[in-house]
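Pasted the sequence and its predicted model underneath.
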Amino acid sequence: MKNIYAFLVAACTLAFAATSCHTPEYVSPTADRQGITSLTAWFTFGPYRDQEMGKLTIDDEYATRFEIPIPYYYPETSDDPTEPYMTKVKVTAELQPNCSIEPPLTILDLTQDNIFTYTDAAGDSYQIVITGKRTHSSACELLSFSIVSPVEVTGIIDKVNKKVSLITIDDLSEAIAEYEVSPHATISPDPTEAQDYNDGMTFTVTAADGVTTATYTVAKSTPTTISYGFNNSSVAQLFNFEPTSNLGTPAYTETIYPSLAILGKWLVFCTGDGSAPIYINKLNGATGGTVTAGSASWAAITSDEGGHMLISNHAENGETFTIWKTSSVDAAPEEFYSMTNTSGLPMGYSIKVIGNIDSEARITVTNEGIPEVTASTFVTDIIVSGGEVTGVTVTDISASGLTWGGAPVNASKIAPMGVATSRGWIGSCYDPNIVTWVKEDGSAGATMPTSNGNSWGWNAVFFDASQFNNATYACLLVSSHFPSWGIGPGLYMYDVTDTANLTGEFTSSPALALANDAIDWYQTGGYAVAAADVLVAPSADGYSLYVYYYDHNAGVLGGYYADCLE
């Protein structure tokens, strides 16, 4: 088996300056050379208070003037200028030991030159200037491209080679397209005007800075793919941000039952309280709207490999459990399947699916424990064949060693590892955090523990799985119980096609295909509801793979992209 391993680490080192004007600044000795290595600007008021505004990484140890780049808009996907925040900015520095800045850094007006005395490790002092400059983005990426007339053709974008393939034999001599580019970038010529694509077209995307450009070729062709899994070189982070200030999602102190799904060009976020979810752009996180609720009762959502979103209600024992489906955020969901919950336990806050419900699929619903009454070891499988539900089984997996409590924090989210029931499930439960492949009979087929000293503060129970380009991937989000204690979330995706690779520790297993054990998180004020979700989902055309994660307690929503283009 071809083993694909992409290890991505987003490390975050912050040294916070003292705010008193009577005591010298204290900076942790994290730099490797003499001098100032970075200056970071932070919002001090407004909806993004205490979030990073901009950062200057300093390579010249002899520099005396430092201009911190501040994005022109924040978030960059918005039209909200940063100008109102520039006069009251907290600035922190990363310094080598025995270096100092006087007077201490506090709140600065970055529209002005701020003069300080810098003393290096040898005791030599000289003046430095710290200021800021609002800068337009240099991002110039073509994010999506589709022909909408005279036929509908979704373009397959090769990000590495900047090529767009239109898989069609139709006449495109006067075709109109729709597109997405990086925030505030422009494209020329205009794809929304009729163009001739029969012999190919060249487009130039110009960044908001007006200088940086990228050239893309768009032509009728079928892209060449690798034979297995995703291409390492295509892996990229789409976004990673604090969702409450950016999207208006509930604060970490509010009890919610979060779940995620992809629907077309949208990432859908559900709070699980029965209300209609919101959706955002799956490529950059820009705000979209609210889905059409219809008659569905929104307890949890997920998405299959055929472009459908599934919605489940929450059902106590003896109540009716229903799954709805939809293929558009604007279309009211229609009922897909309904049954009486006879498991003896609640169900509906976790629904996961592998396959395509129009053909062959397997839907796994994790039955939840009842707080102060009983734990759970049961999962319900709903088997789909030929687009119809053909069977329902409730399996006790206690022989695997897994057991869990009530949602949203204490219940596990178990995921099916394949359409065939013989593939079993993947899951874990809090204390101990042992990732477990559970076989069809409920016993443990393989276990992957961890010896990490922070594992007591992890909630490693959130899973999803999907098939992509002849491989099967299972993803784990390790949520944080105590983000204010410096324990953050982690993301681990495994190639589970060959279960023999499910060995070692889950943070370093040979099965790891993608990992980020240092996700930036934004909620550090306390700890409350350690609820979360993770989604691994291929595009309906099978060329792209998306991974999204949400940690409610740590206050972060993010995503990754990969493709199978050669």
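Structure's in. What do you need? Residues are numbered from 1 along each chain as shown.

CA only for contacts and neighbour counts going forward, please
Will do.

How about Asp551: what's its closest non-neighbour residue?
Distances taken as CA to CA, 6 or more residues apart in numbering put Ala532 closest to Asp551, at 4.6 Å, once the chain neighbours are dropped.

Would you mind measuring from that neighbour to Ser350?
Distance, Ala532 to Ser350, using CA to CA, to the nearest Å: 11 Å.

Quick check: neighbours shared by those two?
Common neighbours of Ala532 and Ser350 are listed as Ser259 (criterion: CA atoms under 8 Å, 6 or more residues apart in numbering).

Pull out the buried residues from stretch 50-67.
By neighbour count with 16 or more other CA atoms under 10 Å, stretch 50-67 contains the buried residues Asp50, Gln51, Glu52, Met53, Gly54, Lys55, Leu56, Ile58, Phe66, Glu67.

same check, this time on stretch 174-192
For stretch 174-192, burial by neighbour count (16+ other CA under 10 Å) applies to Ala175, Ile176, Ala177, Val181, Ser182, Pro183, His184, Ala185, Thr186, Ile187, Pro191.

cool, stretch 491-501 as well?
If you call a residue buried by 16+ other CA under 10 Å, then stretch 491-501 has these buried ones: Leu491, Tyr492, Met493, Tyr494, Asp495, Val496, Thr497, Asn501.

State the number of residues packed around Ala515.
Ala515 has 23 neighbours, counted by other CA atoms under 10 Å.

Give me the phi and psi for it.
The phi/psi pair for Ala515 (degrees, to the nearest 10) reads phi -150, psi 150.

about what we covered before: got the buried residues of stretch 174-192 as TSV, with distance to Glu360 and pLDDT columns?
Conversion of those to TSV gives the following (distance: CA to CA, whole Å; pLDDT from 0 to 100):
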residue	distance to Glu360	pLDDT
Ala175	35	97
Ile176	35	97
Ala177	33	97
Val181	35	97
Ser182	37	97
Pro183	38	96
His184	42	97
Ala185	41	98
Thr186	42	98
Ile187	41	98
Pro191	37	98
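
Mind jotting down where the strands sit in the stretch 451-566 of the chain?
Taking DSSP state E, counting those that start in this stretch as the test, the strands found in the stretch 451-566 of the chain are 458-468, 471-480, 490-495, 512-516, 532-538, 544-551, 556-563.

what inclination does the first one have with respect to strand 556-563?
Translated: strand 458-468. Orientation check (axes from the mean of the first three to the mean of the last three CA atoms, to 10 degrees): strand 458-468 against strand 556-563 gives 30 degrees.

Quick check: Asn246 is in a helix.
Yes: under DSSP: H, G, I helix; E, B strand; the rest coil, Asn246 falls within a helix.

where's it relative to Gly558, distance?
12 Å.

before we move on, back to that, okay but the residue nearest to Asp551 is in contact with Ser480, surely?
No: counting by CA atoms under 8 Å, Ser480 is not a contact partner of Ala532; they are 9.2 Å apart.

where do the contact lists of the two overlap?
Taking CA under 8 Å, 6+ apart as the criterion, Ala532 and Ser480 both touch Asp551, Asn553.

Quick one: the buried residues of stretch 174-192 as CSV, columns for secondary structure and distance to Gly442 too.
Shown next, in CSV, are the buried residues of stretch 174-192 (DSSP: H, G, I helix; E, B strand; the rest coil; distance: CA to CA, whole Å):
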residue, secondary structure, distance to Gly442
Ala175, strand, 54
Ile176, strand, 53
Ala177, strand, 50
Val181, strand, 47
Ser182, coil, 47
Pro183, coil, 48
His184, coil, 52
Ala185, coil, 52
Thr186, strand, 54
Ile187, strand, 54
Pro191, coil, 54
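
Domain map for the chain?
Residue ranges for the domains of the chain, per automatic domain parsing: 6-135, 142-220, 232-563.

could I get the ones you listed as CSV with distance to Ile226?
Formatted as CSV, those follow (distance: least, CA to CA, whole Å):
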stretch, distance to Ile226
domain 6-135, 16
domain 142-220, 13
domain 232-563, 8
